[in-house]
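**Q** prediction below, plus the sequence it came from.
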Amino acid sequence: MELRQLRYFVAVVEHGSMGRAAAELGVVTSALSQQISRLESELSTRLLQRTSSGVILTDAGLAFWRQAQLALRHVDGAAHAAQHARLSGHVSVGMAPSTTGVLGLAFMRAMHERYPDVRLRMVESLSGHLATMLNGRQIDLAILFQSAVGQRFSATPLIDERLFAIAAADFEPMPATKKARLAQIAPLPLILPSSPHGLRSLLTSAFASARCEPNIIAEIDGLAMLMDAVGGGIGVTIQPGAALARRDRAAFRAIPIADRHMVRTNQLVSLSDDELSPAGLAARVVLADVARSLVTSGQWVGATLAESPAR
């Protein structure tokens, strides 16, 4: 039995005529009559009595009509509820400072547009701290660079970020090339995050693989202060392109580092699906959509979509 057949049957009863009902429904009379006949065959009973002036209900038709009207009201009510339902609740989302510079505002705007009744809590912190918060159920999802979280968490590679050597535009010691090797960057005065930072761990391994010792003159864990120092001509840093999202790019020079492992993977990590609230599930979808859109539109400098699934 199809919902369409119920609507056709009720329309015929209300108009008392196949022809008038067909005109109201915008179908030909023969098609309407055929659907009513199929309904009667499925129920194995006659619902309508055809007369020279139209149709009248049989006893079975009267009983069926009352229930059909009720069923259609329930269906219409369900459709109205779905169309006017507004997801609510709250969700906590964590991002590293470099990530918020390119993704934070775009994500918040998208969430406000799609789910205006969901209250967002945004947490900006280092990737390692965010992983600790996620493990402690203090946040619902986060963009992490090293997924040091439990097995019950959902982790999906989202994007890969190329790392750049970044200096003030007039910093003369920078190589005059379109790309650079770590061996060329290592002797320069480097300003890097300290060792607990995930990016610093990646760089330490990369310098060791390149068999060169970095000339580190300062360690700064806050991205804003670090970029102030670089912009002030004190030294060079190694960061993803997103580090320049809140800066005047004309004031800086960024050279991609060509060494093989100079890529940072961003993973979308969240509580498991059975722990995540409906608001959290919605936020996870929106966050992934916005990140991918920023990459494909070229707004996330040096980023490409991740290809392989997380293990």
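**A** That came through fine. What you are looking at is a predicted structure, and each value in this text was computed from that prediction instead of being measured.
**Q** give me the outermost residue of the protein relative to its centroid.
**A** residue 52 (61.6 Å; CA atoms, centre = their mean).
**Q** quick check: that one vs residue 58, distance?
**A** Distance of residue 52 to residue 58, given as CB to CB, to the nearest Å: 17 Å. The way it works is simple: take the backbone N, C-alpha and C, and place the C-beta from them, glycine included.
**Q** for the strand ranked longest in the chain, packing partners?
**A** The strand spanning the most residues in the chain, taking DSSP state E as the definition, is strand 154-168. Where contact means 3 or more CB pairs under 8 Å, 6 or more residues apart in numbering; DSSP states H and E, strand 154-168 is packed against helix 223-231, strand 237-240, strand 252-256, strand 263-270, helix 278-296, strand 303-305.
**Q** and these: which comes nearest residue 200?
**A** With CB to CB as the measure, strand 237-240 is the member of the helices and strands packed on strand 154-168 nearest residue 200 (9.5 Å).
**Q** who are the packing partners of the closest one?
**A** Contacts defined by 3+ CB pairs under 8 Å, 6+ apart place strand 237-240 against strand 154-168, strand 190-192, helix 198-209, helix 223-231.
**Q** okay, the nearest residue to residue 25 once chain neighbours are set aside: pLDDT?
**A** Spatial nearest neighbour of residue 25, excluding adjacent residues (CB to CB, 6 or more residues apart in numbering): residue 11 at 5.7 Å. For residue 11, the pLDDT comes out at 90.
**Q** is it true that residue 11 touches residue 27?
**A** No. At 9.7 Å, residue 11 does not count as touching residue 27 under the criterion of CB atoms under 8 Å.
**Q** need the helices and strands packed on strand 237-240 in CSV with mean pLDDT, can you?
**A** As requested, these are exported to CSV (pLDDT from 0 to 100):
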stretch, mean pLDDT
strand 154-168, 93
strand 190-192, 96
helix 198-209, 90
helix 223-231, 96
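**Q** to residue 45, which of the ones you listed lies closest?
**A** For these, the distance to residue 45 is smallest for strand 154-168, at 52.5 Å, taking CB to CB.
**Q** could I get the buried residue list for the helix or strand following that closest one?
**A** Later in the chain than strand 154-168, the nearest helix or strand by DSSP states H and E is helix 182-185. In terms of neighbour count (16 or more other CB atoms under 10 Å), helix 182-185 has its buried residues at 182, 184, 185.
**Q** can you redo these as CSV with pLDDT?
**A** Below are the buried residues of helix 182-185 laid out as CSV (pLDDT from 0 to 100):
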residue, pLDDT
182, 95
184, 95
185, 96
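**Q** pretty sure residue 221 sits against residue 126.
**A** Yes. Counting by CB under 8 Å, residue 221 touches residue 126, with 7.2 Å between them.
**Q** joint contacts of those two?
**A** residue 197 (CB atoms under 8 Å, 6 or more residues apart in numbering).
**Q** neighbour-wise, which of these two wins?
**A** Taking other CB atoms under 10 Å, residue 221 and residue 126 do not tie; residue 126 has more neighbours (20 against 14).
**Q** circling back to that earlier point, so which of the helices and strands packed on strand 154-168 has the densest surroundings on average?
**A** strand 237-240 (a mean of 26; mean count of other CB atoms under 10 Å).
**Q** neighbouring strands - and their directions - for that one?
**A** As defined by DSSP bridges, the strand partners of strand 237-240 come to strand 154-168 (antiparallel).
**Q** buried ones in the partner strand?
**A** Quick answer for strand 154-168 (16+ other CB under 10 Å): 154-155, 157-168.
**Q** please apply the same query to stretch 295-311.
**A** Buried residues in stretch 295-311, counting neighbours by 16+ other CB under 10 Å, are found at 295, 300, 301, 302, 303, 306.
**Q** I figured the last one hits residue 157, correct?
**A** Yes. Between residue 306 and residue 157 a contact is recorded at 3.5 Å, counting by CB under 8 Å.
**Q** overlap in contacts, these two.
**A** Listed contacts common to residue 306 and residue 157 are 265, 266; contacts here mean CB under 8 Å, 6+ apart.
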